[in-house]
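Trainee: Output the structure for:
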Amino acid sequence: MWALVQGGSVIEIYSRPKSIVINNVRYPSNMFTLYTESEKKQIGIYNVQSKPEPDTRFHNRGQSSFSYDSTKEIVNETFDISDKEIEDITEKDDKGNVILDEHGVPVILEGLKTQYQKRCKRQAHSCIQSYHWLVERYIYDNTKSIPSDVSTYVKDVRSSCEAICTAIENCSDLDAFKVLFEDTRNEAGETTKIAVMLDWPDPYSVEKYIR
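Mentor: Next up is the predicted model:
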């Protein structure tokens, strides 16, 4: 990423090479990669020091702004980072009044707990739905039973879903919530326990029944 700096101010940001006009002179797009840093600085083009991106699962990223550091001769990117809400919030207007929907029900902004519990339940449904045909077959012909390994797998999926949703609900703050995404490792760096959010049963033994 590069920036055009004139009079100590950042005029424009270039996220990729492009043909540009500076002081009535057109420069080709390959100028950004072929010119040396010194040559680019002579026409006002400086490298941009990008700020590390936050983990957007847990944080909101604000709009980027850029400033020129004349000492280091570089343009720095900055933006605000805020934590996402873990709990649901009742939406209010600027005066603090609760906002209602068309049915007169308060508008709720879902926090991370609700979002990920819903996501967990959707994943459980996705894991199970490929075997629904076995249930339908049994309904129409009870001589064709549901394989025991499928019944066990479905039970394990439901159990995992419940355990994950419970772990999510028990989080008291964002830091506790983040832990659910982390594997447990020993001193050698080996995974000893998979992250709670990824702890689903292995479908290997029942994949032959998928439809």
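
Trainee: and residue 77, that one's in a helix?
Mentor: No. Applying DSSP: H, G, I helix; E, B strand; the rest coil, one finds residue 77 to be strand, outside a helix.

Trainee: what about it, neighbour count?
Mentor: Residues lying near residue 77 (other C-beta atoms under 10 Å) number 17. For the C-beta atoms, the positions are set from N, CA and C on the backbone; glycine is no exception.

Trainee: Residue 194 too?
Mentor: The burial count assigned to residue 194 is 12, neighbours taken as other C-beta under 10 Å.

Trainee: next one: phi and psi at the closest residue to it other than its chain neighbours?
Mentor: Among residues not flanking residue 194 along the chain, residue 183 sits closest, at 5.7 Å (C-beta to C-beta, 6 or more residues apart in numbering). Dihedral angles of residue 183 (phi, psi; degrees, to the nearest 10) stand at phi -70, psi 150.

Trainee: close enough to count as contact, residue 88 and residue 113?
Mentor: Yes. Counting by C-beta atoms under 8 Å, residue 88 does reach residue 113; the two are 7.5 Å apart.

Trainee: follow-up on the earlier one: now do the same contact list for the residue nearest to residue 194.
Mentor: Taking C-beta atoms under 8 Å, 6 or more residues apart in numbering, we find residue 183 in contact with 191, 192, 193, 194, 195.

Trainee: and what of residue 158?
Mentor: By C-beta under 8 Å, 6+ apart, the contact set of residue 158 is 124, 128.

Trainee: The helix or strand hosting it: how far from the chain's middle?
Mentor: Per DSSP states H and E, residue 158 falls inside helix 148-169. Relative to its chain's centre, helix 148-169 lies at 24 Å (C-alpha atoms, centre = their mean, to the nearest Å).

Trainee: do you know how far the residue nearest the centre of the chain is from residue 115?
Mentor: In the chain, the residue lying closest to the centroid (C-alpha atoms, centre = their mean) is residue 57, at 3.9 Å. As judged by C-beta to C-beta, to the nearest Å, residue 57 and residue 115 stand 10 Å apart.
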